[in-house]
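> With the sequence up front, the predicted model follows.
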Amino acid sequence: MPTAVPPLLTMMNELLSEISVSSTSSQWDTGNRQIIDKLASWLNTLGFRCEVIPLTKQPHKANLIATLGSGPGGLVLSGHTDTVPFNEERWDMNPLGLTEQDNKLFGLGATDMKGFFPIAIEAAKAFLDKPLKQPLMILATADEESSMDGARELAAQGAPKARFAVIGEPTDLKPIRMHKGIMMNAITVEGRAGHSSDPSLGNNAMEAMHLVMVDLLAFRAELQQRYNNPLFTVAVPTLNLGCIHGGDNPNRICGQCELHFDLRALPGMDNNDVIHQITQRITPLAKQLKVNISLRSLITPLTPFEQSADSVLVKAAEQLTGHSSESAAFATEAPFLQQLGMETIVMGPGSIDQAHQPNEYMALNQVQPAVDLLQRLIGQFCL
């Protein structure tokens, strides 16, 4: 084995030691090129063909497609290289690096999800001298935790091409074949400010927003009557009124008010149709209340994801793990890999319950089972 590729836990420590935060706030946002270059170096040493693809509008960030073998099909092991922002003072250990303690592997990104890459590389090592009938690919993406622009660009570019994809997000090694979509939107009401002693001097945007919120909650109830999927823990689509801002002083009629909300659609629902329905509801409200009401997206919406229960990959994962496929409450890059024509599941070591919080960790006893599981998948779909 080439000496340039470190042992699994050393690889994990090196990846966790590099900051690769993605955030909608420029205060936190960083690049991921150190992670990508490190992965490419290791995989090149192992004989993979590596393509580093900078993001069009953010060249300090990049995706990596590493390929072993050739052919029209194959298996993709996919993960994202970025993490959420972090508060170092809330950690009991250094978040930037690996700390092994109490049979747990602590560090920012240990489970979500830099820790997946050393496991995937360790699994691949068993196949370096074997004649692959279909290629094995390791895919590393940028910006999953914010814009998902890395996966969006790959889907637009039409690469990578394979038949199957496993996204190693933390699922306790249980196969996930569906999750909800997500959209985040802002509704802005423009009224007219004036002295609060005489309501006729203005048109209160906050009072108008109150009626908008009532209508949104009525729309939520309608959606939840129309759509239900018992395979989800929360079986209905959700709409959350997240934050609201309006006005500037108690003795002034509120001239502007803005509401931010998110909506998580079930598989089978169409994000564009939902937005159209909301627009159709607020347009007559604006006319009735004599205010301007506008709707805009805060992020590019993510479509719901569902892989057929009878797909070859789902059946194989269920057989190998002994677990029936499930749904997840969190969103992933799965819709984009599915757009590329791949049967896709989400399945990896660690628990989502440990993600996005101080003292994030992966249970040590999941590492070797994860390596073994990936090796069985590689053997089934690449040999």
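On my side now, so go ahead. Residues are numbered from 1 along each chain as shown.
> and Ala331, how many residues sit next to it?
Using other Cβ atoms under 10 Å, Ala331 is surrounded by 20 other residues. All C-beta atoms are positioned from the backbone trio N, CA, C, and that covers glycine.
> Report the contact partners of it.
By Cβ atoms under 8 Å, 6 or more residues apart in numbering, the residues touching Ala331 are His179, Lys180, Gly181, Ile182, Leu302, Phe305.
> Of those, which is the nearest to Glu89?
Ranked by distance to Glu89 (Cβ to Cβ), the contacts of Ala331 are led by Ile182 at 29.8 Å.
> Correct me if wrong: the closest one contacts Thr300.
No. Judged on Cβ atoms under 8 Å, Ile182 makes no contact with Thr300 at a distance of 10.2 Å.
> Where does Gln375 sit, in terms of helix or strand?
helix 367-382 (DSSP states H and E).
> residues making contact with that helix?
By Cβ under 8 Å, 6+ apart, the surrounding residues in contact with helix 367-382 are 8, 69, 73-75, 77, 105, 116, 119-120, 122-124, 126-127, 132-136, 163-164, 166, 168, 173, 313, 316-317, 320-321, 347-349.
> Likewise for stretch 188-202?
Against stretch 188-202 from outside (Cβ under 8 Å, 6+ apart): 203-206, 208-209, 212, 246, 250-259, 291-294, 296.
> Report the buried residues of it.
Residues of stretch 188-202 classed as buried by neighbour count (16 or more other Cβ atoms under 10 Å): Thr188, Val189, Glu190, Gly191, Ala193, Gly194, Gly202.
> Same question for stretch 370-383.
Quick answer for stretch 370-383 (16+ other Cβ under 10 Å): Ala370, Val371, Leu373, Leu374, Gln375, Arg376, Leu377, Ile378, Phe381, Cys382.
> Can you list which of the contacts of helix 367-382 are found in strands?
Leu75, Leu77, Leu105, Leu136, Phe164, Val166 (DSSP state E).
> Identify the residues contacting the fourth one.
With contacts taken as Cβ under 8 Å, 6+ apart, Leu136 has the following neighbours: Thr67, Leu68, Gly69, Gly74, Leu75, Leu77, Ala124, Phe127, Ile378, Cys382.
> Switch those over to CSV; also include distance to Met93 and pLDDT.
Output for those, formatted as CSV (distance: Cβ to Cβ, whole Å; pLDDT from 0 to 100):
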residue, distance to Met93, pLDDT
Thr67, 36, 98
Leu68, 35, 98
Gly69, 39, 96
Gly74, 39, 96
Leu75, 35, 98
Leu77, 28, 98
Ala124, 30, 98
Phe127, 35, 97
Ile378, 33, 98
Cys382, 38, 97
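> Residue ranges in this structure under the pLDDT threshold?
Along the chain, segments meeting pLDDT under 70 span 1-3.
> what's the helix or strand for Val234?
Per DSSP H and E, there is no helix or strand for Val234.
> Ser327 is in contact with that one, correct?
No. In this structure, Val234 is not within contact of Ser327 by Cβ under 8 Å, at 9.5 Å.
> Tell me which of those two has more neighbours.
Ser327 (21 against 12).
> Are we agreed that the more buried one is in a helix?
No. Read with DSSP: H, G, I helix; E, B strand; the rest coil, Ser327 is strand and lies in no helix.
> Look up which residues are beta-bridged to it.
Taking DSSP bridges as the rule, Ser327 bridges to Met178.
> Name all residues that make contact with Ala265.
Contacts of Ala265 by Cβ under 8 Å, 6+ apart are Lys180, Gly181, Ile182, Met183, Tyr227, Pro237, Asn271, Val274, Thr303, Pro304.
> Show me the residues you listed that map onto strands.
With DSSP E as the criterion, strands contain Met183 from among these.
> Buried members of the contacts of Ala265 into ChimeraX, please.
Selection of buried members from those for ChimeraX, criterion 16+ other Cβ under 10 Å:
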select :180,181,182,183,237,271,274,303,304
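> about what we covered before: just the buried ones from the contacts of Leu136?
Thr67, Leu68, Gly69, Gly74, Leu75, Leu77, Ala124, Phe127, Ile378, Cys382.
> Let me know the closest of those residues to Phe48.
Ranked by distance to Phe48 (Cβ to Cβ), the buried ones among the contacts of Leu136 are led by Leu68 at 4.9 Å.
> Lovely, talk soon.
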